[in-house]
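Asks: fold the stuff below for me.
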Amino acid sequence: MNYPETIRNLIECFKKLPGIGEKTAERLALSTLYMDDDVLKLFSLSLNNIKTKIKRCEICNNFSEENVCSICKDNTRKKDTICVVEEPKNINLFEKMGSYYGLYHVLDGLISPLDGVNPEDINISSLIDRVKKNKINEIIIAVKPSIEGETTALYITKILEGTNVKVTKIAHGIPLGADMDYIDSLTLELALEDRKEVA
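Replies: Numbering: from 1, shown residues only. The predicted structure is shown next:
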């Protein structure tokens with residue numbers, strides 16, 4: 001690569017991002033040369049701030065710039081329902097839908113004994129604390145349909161056994177328009193288990 005060192009360094013930095021290969025990194029690095037100065041300053045400041053300003057919400061473990069995130073602070077949300085997700089980015093999927101008005105809890109992983117990830121290695125104890133301290137009626141488990149996801153869901157359900165908290169799990173099934181030839185067996189099994197009566 002016959003670029004000056006500054007450009008080569010920027011290309012190397014872009015390559016460290018997931019899904020960015022050599023060609024894309026080169027294109028991104030070169031495009032910054034033509035950015036407006038104000039945009040470039042904002043880009044630089046945002047990169048710096050992501051490490052210095054972003055922390056985890058002390059209630060739900062979501063990304064936040066303050067000790068408590070905007071969702072946990074929002075008094076219009078249903079305080080008796082918690083949707084349990086694997087990582088902070090999953091919250092955005094539900095928020096984009098605009099039809100869920102409860103709270104969230106980020107586990108930061110799933111139980112996976114084969115990988116050495118046990119219940120104490122993820123954020124389950126703080127979920128149980130929230131249930132004990134607040135009047136929670138329902139826990140919705142919204143994690144990926146995998147062995148690890150099922151194990152985590154079963155563990156949380158077992159821990160909350162004997163409480164008045166209803167534990168539900170989002171349905172996993174076959175997406176609309178999907179070709180049956182390309183459906184994996186776990187998705188098919190879950191779709192079969194979650195089948196509903198035809199009205």
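
Asks: what's the lengthiest helix in the chain in contact with?
Replies: Taking DSSP state H as the criterion, the chain has its longest helix at helix 37-52. Residues outside helix 37-52 that contact it (C-beta atoms under 8 Å, 6 or more residues apart in numbering) are 32, 35. C-betas here are computed from N, CA, C, even on glycine.

Asks: if we go to 10 Å?
Replies: 13, 32-36, 53, 63, 65 (C-beta atoms under 10 Å, 6 or more residues apart in numbering).

Asks: can you give me how far it is from the chain middle?
Replies: 24 Å (C-alpha atoms, centre = their mean, to the nearest Å).

Asks: now, of the contacts of helix 37-52, which are buried?
Replies: Among these, those scoring as buried are Phe63 (criterion: 16 or more other C-beta atoms under 10 Å).

Asks: between the contacts of helix 37-52, which is closest to Glu193?
Replies: Ranked by distance to Glu193 (C-beta to C-beta), these are led by Phe63 at 33.3 Å.

Asks: separation between that closest one and Asp108?
Replies: Look at Phe63 and Asp108: by C-beta to C-beta, to the nearest Å, they are 11 Å apart.

Asks: cool, Asn75 as well?
Replies: 26 Å.

Asks: okay, now the domains of this protein?
Replies: Recorded structural domains for the chain (assignment: automatic domain parsing) are 6-39, 76-169.

Asks: now do the buried residues in the shortest one.
Replies: Applying a neighbour-count criterion of 16+ other C-beta under 10 Å, the buried positions in domain 6-39 are 7, 10-11, 14, 20, 25-26, 28-29.

Asks: which one of those residues sits closest to Thr152?
Replies: Out of those, the member with the shortest distance to Thr152 (by C-beta to C-beta) is Ile20, at 30.5 Å.

Asks: leaving out sequence neighbours, find the closest residue to the closest one.
Replies: Of all residues beyond its chain neighbours, the one nearest Ile20 is Phe14 (5.4 Å), with distances taken as C-beta to C-beta, 6 or more residues apart in numbering.

Asks: that neighbour is in contact with Leu28, isn't it?
Replies: Yes. The criterion here is C-beta atoms under 10 Å, and Phe14 meets it with Leu28 at 4.8 Å.

Asks: can I assume Pro18 sits in a helix?
Replies: No. The assignment for Pro18 is coil, going by DSSP: H, G, I helix; E, B strand; the rest coil, so no helix is present there.
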